[in-house]
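Visitor: From the sequence below, what's the structure:
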Amino acid sequence: MLENIRLSFQGIWSHKMRSFLTMLGIIIGIAAIIAIVSTIQGTNEQIKQNLIGSGTNAVKIQLYNGNYTMDLTYEQLPESIPVISQEVKDQILALDEVASATLYHERNEYEAIFYLNSTLTGARLIGADQDYMDVFGYRLFKGRGFSDSDYRLFRKVCLLDETAAKSLFQNENPVGQTIEIKREPFTVIGIIGLSESFQPTIETMEDYYTYMNTESAGIVLIPEVDWPILYRYDEPQYVGVRAVSTDDMTQAGKKTADILNANAGLATDDEIKSDTSDAEAMDGALGSSSQIRYKNEDLLEQAKQLQSLSNATNQMLIWIASISLLVGGIGVMNIMLVSVTERTREIGLKKAIGAKKSRILGQFLTEAAVLTSLGGVLGVILGLILARVIATLNGTLSAISMPAIIISVVFSMVIGIVFGLLPSIKAANLNPIEALRYE
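Guide: Reported below is the predicted structural model:
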C-alpha cells in the first residue's frame, strides 16, 4: 500500500498541470460545500448570540394567560397564585441545570419616573431581590448596591442603568440625587450596567424588529420589599434563573416553570397540550389554551425556529455545490483511462513478470484515491478561506465544522475509488501479450 501511495504521488508530480486540472472539480466542489456549511453554522451561531446576548444564560419565567404574557399593569391579580416562597426558590436552586435564581417584579413604565422636569419614558422598573444582578449579569459602575439593611428597613433607594441615568440627569452625577417613582421619592445610590455589553448584528429591518424589540429607555431597580409601596400587595413575582450552560437554558426554564406551576396548582405546558389534543380529538374544542400558568422564555427554541427558516435554501445550495463533485469524479475517471492507455506497456511488463490482477487494480485505485483526496484537502483549505472572506464581508460569524471537513475529505476519497474503479478494472484485465505489443 505504501509503495502504491509513493507511486501515486510520483505520477501526480510528473504530470502537475494535468493532475491539478483533474482535481479542480473536486477542489471547487469541496470548497463550495465547506464555505456554505461554515457560513450556515456561523449564521446560526449569530442568530443564537443575537437572541441570548452577552452569554449570561439567564432565563425569564413569568405568568402567561394562554399564549400571552400577563401584564399586571392592566390585568387583575390572578386568583389563587401564591407569592413564591424561599422553599420554592430552594427547589429551583436544587436543579442540576440552575446555577442561581432570583425572584423579582417588573413593569414597563411610561409616565411614572421623574427627575425635576425630565421624564423617563418607556423604562423598565424592577423590584429586585439581592440575587437579581448576579442572575442577569449586571455589575456596579458607580456608588453602592443594595445592602441587607436596605431590605430590612424598607429604604426607598434605587439603582439606575447608564441609559436611564443619562436620560434623567444628562451630564449630572446621579448618585445621591432623588427621583420620583409614582410620586414617591427614591434616592439614587448607584449606577449599574451589564458585565459584558452586547449588541446584536443588525443587517435588515427584519433583524431590527426581531432582535431590538426588547429595547427600553433604561432600567430602574428598587428593593423588592418596596414594591407594595408603589403597586399592590402579594403580586406574583417573575423568576429569573441562570443556567449552568447555554445548552441547559431550555431545560432550566422548563423545569423551573414546572416547579412554579406545581406550587400554584396550575397545569404545566405538557398537561395543557395533552388536554388540548384530547379536546380537539373529541369535539374540535380549543381545550385549555386560556389557562393561566408559568412559562419560560425559550430563547434557544426561538433561535432554532429562526435557523430553520433558511434550512431548505441552504440544503439546495449544498446539493448544487455537490454537482461539481460529480463533474470532478467524471474528470478523474477520464484522466485515469488516459493514464491506463499511456501505461499499457508498463502494465503488460508487470503482468508478464507475475503481477496479479489485484496488484494492478490496487495501484490504479490508490492513484485515483490519492488524487481526489489531495483535491479534497486543497478544497477544504480553499473553503475555509472563502468562509472567512464571506464572514468578513458580511460582518457575521464563521464557524468551522470539523465533521464537514472530515466528511468532505473522506467523500473525495470515495469519489476517487468509485470513479477510478472502471479504469482500474480495465488495467487489471489487460492481456499481457497484447499490452507488451501496444505501441
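
Visitor: okay, CA-based contacts and neighbour counts for the rest of this
Guide: Will do.

Visitor: Output the lowest mean pLDDT helix or strand found in the chain.
Guide: Taking all helices and strands of the chain together, the one with the lowest average confidence (mean pLDDT, DSSP states H and E) is helix 205-211, at a mean of 45.

Visitor: Just after that helix, pick out the following helix or strand.
Guide: Counting by DSSP states H and E, the element after helix 205-211 in chain order, helix or strand, is strand 219-223.

Visitor: Give the buried residues for the very next helix or strand once past that next one.
Guide: Secondary structure here is assigned by DSSP H and E; on that basis, the next helix or strand after strand 219-223 toward the C-terminus is helix 227-230. When burial is assessed from 16 or more other C-alpha atoms under 10 Å, helix 227-230 yields the following buried residues: residue 227.

Visitor: Tell me how far helix 227-230 lies from the chain's centre.
Guide: Relative to its chain's centre, helix 227-230 lies at 39 Å (C-alpha atoms, centre = their mean, to the nearest Å).

Visitor: Same check on stretch 153-170?
Guide: Worked out by C-alpha atoms, centre = their mean, stretch 153-170 lies 34 Å from the chain centre.

Visitor: List the buried residues in it.
Guide: Buried residues in stretch 153-170, counting neighbours by 16+ other C-alpha under 10 Å, are found at 155-168.

Visitor: and if you look at stretch 77-97?
Guide: Residues 77, 81, 84, 89, 92-93, 97 are the ones in stretch 77-97 that count as buried (16+ other C-alpha under 10 Å).

Visitor: ditto for stretch 381-390
Guide: 381-384, 386-388, 390.

Visitor: Please enumerate residues in contact with it?
Guide: 27, 30-36, 38-39, 398, 400 (C-alpha atoms under 8 Å, 6 or more residues apart in numbering).

Visitor: let's go with 10 Å and repeat that
Guide: For stretch 381-390, the surrounding residues in contact (C-alpha atoms under 10 Å, 6 or more residues apart in numbering) are 27-40, 42, 375-377, 379-380, 391-401, 405.

Visitor: Quick one: buried ones out of the residues you listed?
Guide: When neighbours are counted using 16+ other C-alpha under 10 Å, these contain these buried positions: 27-40, 42, 375-377, 379-380, 391, 396-401, 405.

Visitor: quick revisit: using pLDDT, spot the least trustworthy of the buried residues of stretch 77-97.
Guide: For the buried residues of stretch 77-97, the minimum pLDDT belongs to residue 77; the value there is 77.

Visitor: List the contacts of that residue.
Guide: Residues in contact with residue 77 (C-alpha under 10 Å, 6+ apart) are 70-71, 232-236.

Visitor: and with 6 Å instead?
Guide: Under the criterion of C-alpha atoms under 6 Å, 6 or more residues apart in numbering, residue 77 has no contact partners.

Visitor: Check the gap between it and residue 65 for me.
Guide: 12 Å (C-alpha to C-alpha, to the nearest Å).

Visitor: what's the overlap in contacts for those two?
Guide: Any residue near both residue 77 and residue 65 by C-alpha under 6 Å, 6+ apart counts here, and not one turns up.

Visitor: Show the residue spans covered by the helices in the stretch 1-150 of the chain.
Guide: Taking DSSP state H, counting those that start in this stretch as the test, the helices found in the stretch 1-150 of the chain are 2-14, 16-52, 86-93, 132-135, 148-152.

Visitor: elements contacting the fourth one?
Guide: Looking back up the chat, that one is helix 132-135. Taking 3 or more C-alpha pairs under 6 Å, 6 or more residues apart in numbering; DSSP states H and E as the contact definition, helix 132-135 has no neighbouring helices or strands.
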